[in-house]
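> Fold the following.
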Amino acid sequence: MELNDALRIPLEPSAVWAALQDVALVRASMEHCESFRRLGPGEYAITLTVPLGPLRARFIDHFAPFVRDVVFTGPDRDDIGALVFPDFGACRNLAPEHAPDAAPAAVFGDIRVRLKFAALLQALAVASPGSSTRVLRVILMPEPPSLDIGEMTDKGSINQRAVLKNRTALVDELYATPLSSRVIAVADA
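Prediction:
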């Protein structure tokens, strides 16, 4: 577990200690806590849900103008990954000698594009305070989300669940060891 913040509580240490022993009180004070149970002396099992909307907005803003959308992976993994739907035109500007009709896979595989995404991913990871908001690995998706198989809604919104269901092999590739050549990862991941 990683704790990054400190809090000074203006109470006697014995009162604070007693409050920390009250599992129901501790659980109620944790935002997005689904379960909190004592396993033994000083040992707990905690399940937290992390709202992805703010993380998604932060990710897209950080990677602007190079990302159109993103689907996060990892609810059952040790860290967060992402299937990234890049903006073809913005990425092509990083590698302008590619022909206008170049395949997206060729542009997204260009070393300059990959280095740009690696640098942005590293900077985002450094700026992320905890493991629940730190994206450690991405794959650039050469195929856009499909309306035909439910990955996009009629209004143009991405259906995260459908993308994850339809692209399970890519999610597995994202977490495979050793890293696939298509995965861009944080340097110390």
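
> Check the protein for its longest helix and report it.
Longest helix in the chain, counting residues (DSSP state H): helix 111-127.

> how distant is the next helix or strand after that helix from the center of its chain?
For helix 111-127, the following helix or strand on the C-terminal side (DSSP states H and E) is strand 135-140. A distance of 7 Å separates the centroid of the chain from that of strand 135-140, by C-alpha atoms, centre = their mean, to the nearest Å.

> do the same with stretch 22-35
24 Å.

> tell me the mean pLDDT for that stretch?
When pLDDT is averaged over stretch 22-35, the result is 73.

> next structured bit after the helix or strand of the chain with the lowest mean pLDDT?
Of all the helices and strands that make up the chain, strand 43-48 has the lowest average by mean pLDDT, DSSP states H and E, namely a mean of 72. Remark: after strand 43-48, the chain's next helix or strand is helix 52-62, criterion DSSP H and E.

> Report all helices and strands that the helix or strand that that next one is followed by contacts.
Per DSSP H and E, the first helix or strand lying C-terminal to helix 52-62 is strand 67-73. On a contact count with 3 or more C-beta pairs under 8 Å, 6 or more residues apart in numbering; DSSP states H and E, strand 67-73 meets helix 52-62, strand 80-86, helix 160-166, helix 168-175. Heads up, the C-betas are built off the backbone N, CA and C, glycines and all.

> Could you tell me the least trusted of these?
Among those, helix 52-62 scores lowest, at a mean of 84.

> Identify the residues contacting that one?
When contacts are defined by C-beta atoms under 8 Å, 6 or more residues apart in numbering, helix 52-62 is touched by residues 67, 69-70, 72, 80, 82, 120, 123-124, 133, 135, 160.

> No more questions from me, cheers.
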